[in-house]
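Undergrad: below are the sequence and a predicted model for it; my questions follow.
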Amino acid sequence: MQKQFRTVRDIEKGEEPTMHYFEECQYMTTAEREQALPMTAHITKCLCELCTRSAEARIVSDMRRFLLRNLLYMVKRQDLPYVNSTISSKAVANAHWRVENLREAGATLHMFLIAKLCEAEGLVAGELPHGAYGSAIRLLLWRSTRLGLSHLSKPALQNVRYWAQRTKKICAVILDHTGDNDQGPLGDTLRLVARIEDDGKLSK
């Protein structure tokens, strides 16, 4: 049996490839990873490039991952496992309201932010990164249909097509296909986008 590894960018000679130990690890700050890894991967200290940078050099990455964790909580209504919750009770109450009213409150923005933060951090493995753009597309089209719109606005059409392109690119890297022939929600979403006319007219 052969194992195949894919990378999202070219690797320089002598550069050490790294991976996350489990999917939730991608959405943790440095301190949270240090707390979780001994319990999950039996690793007392990670020596990858990210974890060994100075605190100042890690601050932007930690801020992105902290925001990702909070956005995930708002979408999934549960915090990450393996970490002590630092999300306040007020944030929990707000998140409960937002989840109950997710589509009405603009969940498209939540999923788009998750997708962009994953992209900025170079996170493409796992279900969430390559599914976030697709979720944003589905929510935008669902909302447009519910409002009785027959056409997407020009900015909305541009966003939907950009999100579809990003989804295809990510799938091509990690799944070895573009999703066009996928029989699941991803394939259905991309086929819906392909049926939108150039003037934004939505298919029946």
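TA: Yep, that arrived. What you see is a predicted model, and the numbers here were worked out from it, not measured in a lab. Numbers count the residues shown, from 1 in each chain.
Undergrad: show me what the helix or strand containing residue 140 is packed up against.
TA: For residue 140, the element it lies in under DSSP states H and E is helix 127-146. Counting contacts by 3 or more CB pairs under 8 Å, 6 or more residues apart in numbering; DSSP states H and E, helix 127-146 is packed against helix 102-105, helix 107-121, helix 154-174, helix 185-194. The way it works is simple: take the backbone N, C-alpha and C, and place the C-beta from them, glycine included.
Undergrad: name the surrounding residues that touch it.
TA: With contact meaning CB atoms under 8 Å, 6 or more residues apart in numbering, helix 127-146 is reached by 23, 72, 103, 107-108, 111-112, 114-115, 118-119, 123-124, 152, 156, 159-160, 163-164, 166-167, 170-171, 174-175, 185-186, 189-190, 192-193, 202.
Undergrad: packed most tightly, which of the helices and strands packed on helix 127-146 would that be?
TA: Most buried of the helices and strands packed on helix 127-146, by mean neighbour count (mean count of other CB atoms under 10 Å): helix 107-121, with a mean of 19.
Undergrad: elements contacting that helix?
TA: helix 55-76, helix 127-146, helix 154-174.
Undergrad: and those, which one is worst for confidence?
TA: Lowest mean pLDDT of these: helix 127-146, a mean of 80.
Undergrad: next one: that one to chain centre, how far?
TA: 12 Å (CA atoms, centre = their mean, to the nearest Å).
Undergrad: likewise for stretch 189-196?
TA: On CA atoms, centre = their mean, the centre of stretch 189-196 falls 20 Å from that of its chain.
Undergrad: over to stretch 189-202?
TA: With CA atoms, centre = their mean, you get 23 Å for stretch 189-202.
Undergrad: which residues sit against it?
TA: Where contact means CB under 8 Å, 6+ apart, the residues beyond stretch 189-202 that reach it are 134, 137-138, 141, 144-145, 149-154, 156-157, 160-161, 164, 167-168, 178-180, 182, 203.
Undergrad: please redo it, this time with the cut-off set to 7 Å
TA: The contact list for stretch 189-202 (CB atoms under 7 Å, 6 or more residues apart in numbering) reads 134, 137-138, 141, 144, 150-154, 157, 160-161, 164, 167, 179-180, 203.
Undergrad: again with stretch 114-122
TA: Defining contact as CB under 7 Å, 6+ apart, one finds that stretch 114-122 is touched by 8, 61, 64, 65, 67, 68, 71, 128, 129, 132, 133, 136.
Undergrad: and if we set it to 10 Å?
TA: 8-9, 26-27, 50, 60-61, 63-65, 67-68, 71-72, 74-75, 123-126, 128-136, 163, 166-167, 169-170 (CB atoms under 10 Å, 6 or more residues apart in numbering).
Undergrad: thinking again about what came up before, ok, which of the helices and strands packed on helix 107-121 comes nearest residue 42?
TA: Proximity to residue 42 (CB to CB) singles out helix 55-76 among the helices and strands packed on helix 107-121, at 22.1 Å.
Undergrad: for that closest one, which helices and strands make contact with it?
TA: Applying 3 or more CB pairs under 10 Å, 6 or more residues apart in numbering; DSSP states H and E, one finds that helix 55-76 makes contact with helix 30-40, helix 89-100, helix 102-105, helix 107-121, helix 127-146.
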